[in-house]
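Asks: how does the following fold in three dimensions:
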Amino acid sequence: MAGLIKREDIDEVRQRTDIKEVVDGYVTLKGAGLGTFKGLCPFHDERSPSFTVRPQVGRYHCFGCGEDGDAISFVQKMDHSSFHEAVEKLAARIGYELRYEDGGTGPNREEVGKRQRLLDAHKIADEFFRAQLLTAGAAEGRNFLHGRGFDRTAAEQFGVGYAPQGWDALLKHLRGRGFTDAELKLTGMFSEGNRGIYDRFRGRLIWPIRDIAGDTIGFGARKLYEDDQGPKYLNTPETVLYKKSQVLYGIDLAKRSIAKDRQLVVVEGYTDVMACHLAGVGTAVATCGTAFGTDHIKIARRLLSDDGTGGEVIFTFDGDAAGQKAALRAFEEDQRFVAQTYVAVEPSGADPCDLRQLKGDAAVRDLIGTRRPLFEFAIRASLKRHNLDTVEGRVAALRESAPVVAQIRDSGIRPAYVRELAGWLGMPIEEVSRAVGSAAKRAASGAPATGTAGTAGNPGTPGHGQGTQPGQAGQPAAAPPSDAHIAFMRPDPRDPIAAMERQALEVVIQNPAVLGGEAALGGGAVPNGGAWERFEACHFVTPAYAAVHTAVRAAGLVHAGDPVAWVEGIRQEVPEPLQGLVSELAVVPLPASTPEALQRYCRDILARLFELQITRVKADKMGQLQRLDASAQPEEFQRLNRELMQLEMQRRALRMDS
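Replies: Numbering: from 1, shown residues only. The predicted structure follows:
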């Protein structure tokens, strides 16, 4: 069984991982000073780069939107994976074998190796198919794309390719790249006959199907030639990589827009996804030969942050009977969402691809914009089956539609639909309300009562709109911001004292060697010239920086020789609202272009900090001296004078050293 990863292994993965190499897979980074790199932030739209990565300390920070973290959190956010999954992915990347608590196990190394071989085979096949689309033999495939409004740029954007006619074009190519037949059988790209294996996809247009991380895990193939006896669409069969109930075509391209816009649009085919994205609906995905089910919902919830604060899922279906049936199946699954669910149906029955060809990009956007709540669609679909001009028809329609309304778990929405249904039927609200109440009781008799912590089939997950909101009965209203949060507000950059304290913390966090000698950095905690003691004794007046200063002191110099552990240790010591500030201080570029210049800058900043502290102490002692009666307390008077003289000598020494 899977177990908790040992803490020391997590730390080891964090330390060994080159965060720049990880980020480079998603963001184009350019040098921005000594040991610092910048690029356009992947978490928000921007024109000038503010996303900063500092490999030495293993952290990133965006000075535009405030996102920050280490390699593990970056993979989590970009791949929308769990912490556990992100650590395992990074461990596999560096070849580190993880250990697990309580006898649990992680991915078997041999299985991980086999999986990687399958991914490699799919990547090479993907490249092969895309190259084939440009050959003379793929003219029919290019004509198909052109006929549906897709040019070469669109084909390249979605990785569309072509499988040559014949039996072994791909087989020969992959054998030539060192793959064995035993490995190729596991990919799902080949069929097996009396004479061995042969290409599964032949003479077809190919769409790569990728997982949320962007790895190709299967293919969808469209028939092009009349003599092809196979189905219109042929997908990869179930494999170790490809589970159709867990796959959404286009999720790799749409994930960022889905998370940003809190919207997921579900269409029916590959060309519909292409049409939506090209028309400006970048949140579109499609299922692969199966209905939108429970596993798809898990993906959607992860991307939408389906926590009751908003978000919407929009299903597009044909207006025919099959489309209505698909929408009603989606309604049954809707109860697993907290996000609002809608349906968008084009009256003419045109799918997004056809609609884009007939009426242009704006028509596709308008289709999504005219979505209707799925509740309404499901109720109206049941009403259409009855003659509402007769008493018998209205009664029969009420009997069929009341259970649909009763399924609505949101106690705020259900009464509204009772009123809507009464209006559509032309019946008294009281009569409709009784019918819905009776349907709800019948449904509850064989299932957990509405309003419990979990829903049937999904324990522990709130139903649609369930749960007490802040301020409702049973739960106190949200508390006002605490004094701690007010104190940790971002300091005013125009304040010279705050600026000085910030610069000192930047230096100490990024270059702790300036505080101690070799023994200190190696764990011996032997200070160098008293710099550590001086820093410890400093008094920071800016609340946020004072908290970080306290955290540095609490972390100590034990891990100062390991920049990644050093920064992480400080982050763990500060209050949570300030963890992002620590990351920011750790990655902000320092004004130095060479190691020598960096050392000079760090020494100068610390000297200025220490001089500021001396000035403060001198001011306090001067105040004591002025309040003192020299004739009554001559010894105290002399002591303060000696201390003031020593402080002045220290201040002059600092200036000379700097």
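Asks: please give the element, helix or strand, for the residue nearest the centre of the chain.
Replies: With distances taken as C-alpha atoms, centre = their mean, Lys77 lies nearest the centre of the chain, 2.9 Å away. According to DSSP states H and E, Lys77 maps onto helix 71-79.
Asks: tell me how far that helix is from the chain's mean position?
Replies: Distance of helix 71-79 from its chain centroid, counting by C-alpha atoms, centre = their mean, to the nearest Å, is 7 Å.
Asks: packing partners of the very next helix or strand once past it?
Replies: Using DSSP H and E, the next helix or strand after helix 71-79 towards the C-terminus is helix 83-94. Under the contact definition 3 or more C-beta pairs under 8 Å, 6 or more residues apart in numbering; DSSP states H and E, helix 83-94 sits against helix 7-16, helix 71-79. Where you see a C-beta, it was placed from the backbone N, CA and C, and this is true even at glycine.
Asks: taking these together, which one is wrapped up most tightly?
Replies: When the helices and strands packed on helix 83-94 are scored by mean count of other C-beta atoms under 10 Å, the highest mean neighbour count falls to helix 71-79 (a mean of 22).
Asks: at which residues are the strands of the stretch 301-450 of the chain located?
Replies: Counting by DSSP state E, counting those that start in this stretch, the stretch 301-450 of the chain has strands at residues 312-316, 340-344, 372-373.
Asks: could you dump those into TSV and include mean neighbour count and mean pLDDT?
Replies: Shown next, in TSV, are the strands of the stretch 301-450 of the chain (neighbours: other C-beta atoms under 10 Å; pLDDT from 0 to 100):
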stretch	mean neighbour count	mean pLDDT
strand 312-316	25	87
strand 340-344	23	84
strand 372-373	15	84
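Asks: now those as CSV including distance to Asp562?
Replies: Shown next, in CSV, are the strands of the stretch 301-450 of the chain (distance: least, C-beta to C-beta, whole Å):
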stretch, distance to Asp562
strand 312-316, 45
strand 340-344, 47
strand 372-373, 54
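Asks: between those strands, which one is closest to Gln572.
Replies: strand 312-316 (37.3 Å; C-beta to C-beta).
Asks: can you name the helix or strand that Gln613 falls in?
Replies: Element membership of Gln613, judged by DSSP H and E, is helix 595-627.
Asks: pull the distance from that helix to the chain's centre.
Replies: 44 Å.
Asks: tell me what it is packed against?
Replies: With contacts defined as 3+ C-beta pairs under 8 Å, 6+ apart, the packing partners of helix 595-627 are helix 496-510, helix 531-537, helix 634-657.
Asks: please identify the most buried of those helices.
Replies: helix 496-510 (a mean of 21).
Asks: nearest to Pro595 among the helices and strands packed on helix 83-94 would be which one?
Replies: Nearest of the helices and strands packed on helix 83-94 (C-beta to C-beta): helix 7-16, 22.0 Å.
Asks: after the closest one comes which helix or strand?
Replies: In N-to-C order, the element after helix 7-16 by DSSP H and E is helix 19-24.
Asks: outside of that following helix, which residues touch it?
Replies: Residues outside helix 19-24 that contact it (C-beta atoms under 8 Å, 6 or more residues apart in numbering): 29, 37, 39, 53, 55, 58-60, 70-71, 74-75, 90, 93.
Asks: most neighbours among those residues, please name it.
Replies: Among the contacts of helix 19-24, Tyr60 has the most neighbours (other C-beta atoms under 10 Å), with 31 neighbours.
Asks: okay, and the beta partners of that residue?
Replies: Val53, Gly69 (DSSP bridges).
Asks: how far away is it from Phe51?
Replies: According to C-beta to C-beta, to the nearest Å, Tyr60 stands 7 Å off from Phe51.
Asks: okay, and the common contacts of those two?
Replies: Glu67.
Asks: what is the burial count for Tyr225?
Replies: Tyr225, neighbours per other C-beta under 10 Å, totals 10.
Asks: for it, give me the pLDDT.
Replies: pLDDT for Tyr225: 93.
Asks: phi, psi for the residue nearest to it when sequence neighbours are not counted please.
Replies: Leaving aside its sequence neighbours, Tyr225 sits nearest to Gly203 (C-beta to C-beta, 6 or more residues apart in numbering; 5.4 Å). The phi and psi values for Gly203, taken as degrees, to the nearest 10, are phi 60, psi 40.
Asks: so what's Gly203 up against?
Replies: Residues near Gly203 by C-beta under 8 Å, 6+ apart: Ala163, Pro164, Gln165, Leu224, Tyr225, Asp228.
Asks: identify the farthest-apart pair in those residues.
Replies: Those two in those that are separated most widely, counting by C-beta to C-beta, are Pro164 and Asp228, at 13.2 Å.
Asks: between the two, which contacts overlap?
Replies: Counting by C-beta under 8 Å, 6+ apart, the residues touching both Pro164 and Asp228 are Arg202, Gly203.
Asks: what about these two, which has more around it?
Replies: Using other C-beta under 10 Å, the more surrounded residue of Pro164 and Asp228 is Pro164, with 20 against 16.
Asks: all helices for the stretch 151-300 of the chain, in order.
Replies: Remark: helices assigned in the stretch 151-300 of the chain by DSSP state H, counting those that start in this stretch are 152-158, 169-176, 181-185, 251-261, 270-279, 294-304.
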